[in-house]
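Undergrad: okay, sequence plus prediction incoming.
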Amino acid sequence: MFVRLLLLLLLGLVASIGRAQSLTPDVQSPEVAVVVFSSYACPYCAAWAKDLDQIVQQHPGRVALMVVPYPLDPDREARIIAFADEAARQGAFRYVHPMLFELASGRLSEAAFRTRAEMVGVDLRDFDPARADATESRNAATVQAKAMGVRVAPTTFVNGMRFEGLPSRAAFETVVQSALMQQEPTASGQSQQK
């Protein structure tokens, strides 16, 4: 019961951050909550996003993944974060998330991003990221990141356990698997939550 409560508190805390976006909106009752503070301009964050996506796909319906922008350069990343917010507003954040890293790195032009985003159902015809005012949300995310002890990007939490920087995928998978095992019912029908 304690682990489930911790999950709900962590997801609720992160969801209250104006900029938190879910890559797993279909997961309603997660057994494991993964929250990553990430910068679109960070190559380590881009690599980690690919690994996290694969890890989550190995456990469909059991792992919730939330992303909180933690920009290394808020001014430089403002347009990209505005695109992320708009895609999230339209329910398509998970489809454009990988493209946002490409946009930030310059491997994808804004015109190409808009075209690809529209192909996955994001309507950007009248959206101007320069007019999107997200200062209040960005400040709230920054305050929350500091309150949670975030100092580097990426910083990832699994059921409250913090990983700073780019963790070993194998070690991270072990932690996720262990957290999932704690949620599995025992022969008596009780979960192994501690």
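TA: Arrived safely, thanks for sending. As the structure is a prediction and not an experimental result, all values here were calculated from the model.

Undergrad: for F127, give me phi and psi.
TA: In terms of degrees, to the nearest 10, the main-chain angles of F127 are phi -90, psi 130.

Undergrad: correct me if wrong: it contacts A84.
TA: No - contact criterion C-beta atoms under 8 Å: F127 and A84 do not qualify, at 11.8 Å. Where you see a C-beta, it was placed from the backbone N, CA and C, and this is true even at glycine.

Undergrad: higher neighbour count, the two?
TA: Using other C-beta atoms under 10 Å as the criterion, F127 and A84 rank with A84 on top: 24 against 18.

Undergrad: hang on, the more buried one in a helix?
TA: Yes - counting by DSSP: H, G, I helix; E, B strand; the rest coil, A84 falls inside a helix.

Undergrad: which residues sit in contact with it?
TA: Going by C-beta atoms under 8 Å, 6 or more residues apart in numbering, A84 touches 19, 21, 40, 69, 93, 96-97, 100.

Undergrad: could I get the full set of helices for this structure?
TA: Along the chain, counting by DSSP state H, helices occupy 2-15, 43-57, 74-89, 93-105, 110-119, 135-147, 169-183.

Undergrad: which one, of those helices, ends up nearest to G160?
TA: Smallest distance to G160 across those (C-beta to C-beta): 5.8 Å, for helix 2-15.

Undergrad: okay, now the unreliable bits of this structure?
TA: The model of the chain has pLDDT under 70 over residues 1-19, 130, 132-138, 185-194.

Undergrad: check it and tell me which residue is nearest its centre.
TA: What sits nearest the mean C-alpha location of the chain, by C-alpha atoms, centre = their mean, is V67, with 1.7 Å.

Undergrad: I'd like the distance between that one and H97.
TA: Using C-beta to C-beta, to the nearest Å, V67 is found at 7 Å from H97.

Undergrad: overlap in contacts, those two.
TA: The overlap between the contact sets of V67 and H97 (C-beta under 8 Å, 6+ apart) consists of 21, 23, 49.

Undergrad: quick check: the first one touching A64?
TA: Okay, so that is Q21. No - assessed by C-beta under 8 Å, Q21 is found out of contact with A64, at 11.8 Å.

Undergrad: could you report the neighbour count for S178?
TA: Number of residues near S178 (other C-beta under 10 Å) recorded here: 13.

Undergrad: likewise for T115?
TA: Neighbour count for T115, taken as other C-beta under 10 Å: 12.

Undergrad: how far away is it from F93?
TA: As judged by C-beta to C-beta, T115 and F93 stand 18 Å apart.

Undergrad: same thing with E164?
TA: According to C-beta to C-beta, E164 stands 24 Å off from F93.

Undergrad: repeat that for P167.
TA: 23 Å.

Undergrad: which residue of those two possesses the greater neighbour count?
TA: The residue with more neighbours, out of P167 and F93, is F93; 21 against 18, by other C-beta under 10 Å.
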